[in-house]
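Enquirer: got a structure for you, letters missing:
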């Protein structure tokens, strides 16, 4: 069988498997050519006036949810979804306005979640030291500041994700009243300029950021910083930036982990 035909058969089988698992076609990401999955079309519209609290699993069926907040940068806005410890949110398109996006009170899993117009933050992670958060599939657009805000402790893994027109993809809170050692793992991420930085971490608290399979599109001058290092505090002051780039200790990547297109 010709190679093209074999690839078509493989892709069809992978999509069928994803649909059977309830992930949706948009969740299928093929790392062979590092191409991002197509943004999904909404299957319906759901306007909400209050936060949806999630325990267990919430499957949105790829409907567009909107209606919280004003779409601005106010940190006092309510989230669109608030996930209890261990909860899963899947197959959701978050439109605008979306308030403060998604809040995870503890460990959580976000599967095939798409933010069309990030307001304050796409998602904020608030669990304790042992919390584990996973973002698998999906994407975010138009984040003038942060996409993922890590205020609690634990480890966030973001994989098979795409982001465009953003400030920071990930930020470990630089001035929260309670500080933690935090870790982020970014795997198979497609980044489309413009953007400022992929990760900002606090070295004085022992934060780490690990990168692999990063593809950056439209940034021929390499203006997007891969990893920025800060000295965090718990006083609310603006944390000073102390450096950027791989250092083998806190910012963990090599040239082979980053591809420019």
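Expert: Received it, and whenever you're ready, just let me know what you need. Since we're looking at a predicted model, the values are computed, not measured.

Enquirer: from here on, contacts and neighbour counts on C-alpha atoms
Expert: Fine.

Enquirer: partner residues bridging residue 140?
Expert: Counting by DSSP bridges, residue 140 forms beta bridges with residue 115, residue 163.

Enquirer: thought it was touching residue 114?
Expert: Yes - assessed by Cα atoms under 8 Å, residue 140 is found in contact with residue 114 at 5.9 Å.

Enquirer: of the two, who's got more company?
Expert: residue 114 (28 against 24; other Cα atoms under 10 Å).

Enquirer: thought residue 89 was touching residue 62?
Expert: No - Residue 89 lies out of contact with residue 62 (Cα under 8 Å); the separation is 11.1 Å.

Enquirer: can you tell me how far residue 85 is from residue 70?
Expert: Using Cα to Cα, to the nearest Å, residue 85 is found at 27 Å from residue 70.

Enquirer: mind checking which of the two has more residues around it?
Expert: residue 85 (20 against 15).

Enquirer: can you pull the contacts of the more buried one?
Expert: Residues counted as contacts of residue 85 (Cα atoms under 8 Å, 6 or more residues apart in numbering) are 55, 104-108, 127.

Enquirer: how about residue 67?
Expert: Residue 67 sits next to 47-49, 96-99 when contact means Cα under 8 Å, 6+ apart.

Enquirer: before we move on, what about residue 186?
Expert: 157-159, 209-212, 214.

Enquirer: partner strands of the helix or strand that contains residue 190 and their direction?
Expert: Here residue 190 sits within strand 182-192, counting by DSSP states H and E. Applying DSSP bridges, strand 182-192 is found paired with strand 154-172 (parallel), strand 208-217 (parallel).

Enquirer: ok, back up a step: top of the contacts of residue 186 by neighbour count?
Expert: Of all these, residue 209 has the most neighbours under the rule other Cα under 10 Å, reaching 29 neighbours.

Enquirer: ok, back up a step: after the strand holding residue 190, next one along is what?
Expert: Heading C-terminal from strand 182-192 (DSSP H and E), you reach strand 197-202.

Enquirer: what sits up against that next one?
Expert: 167-174, 207-209, 224-232, 250.
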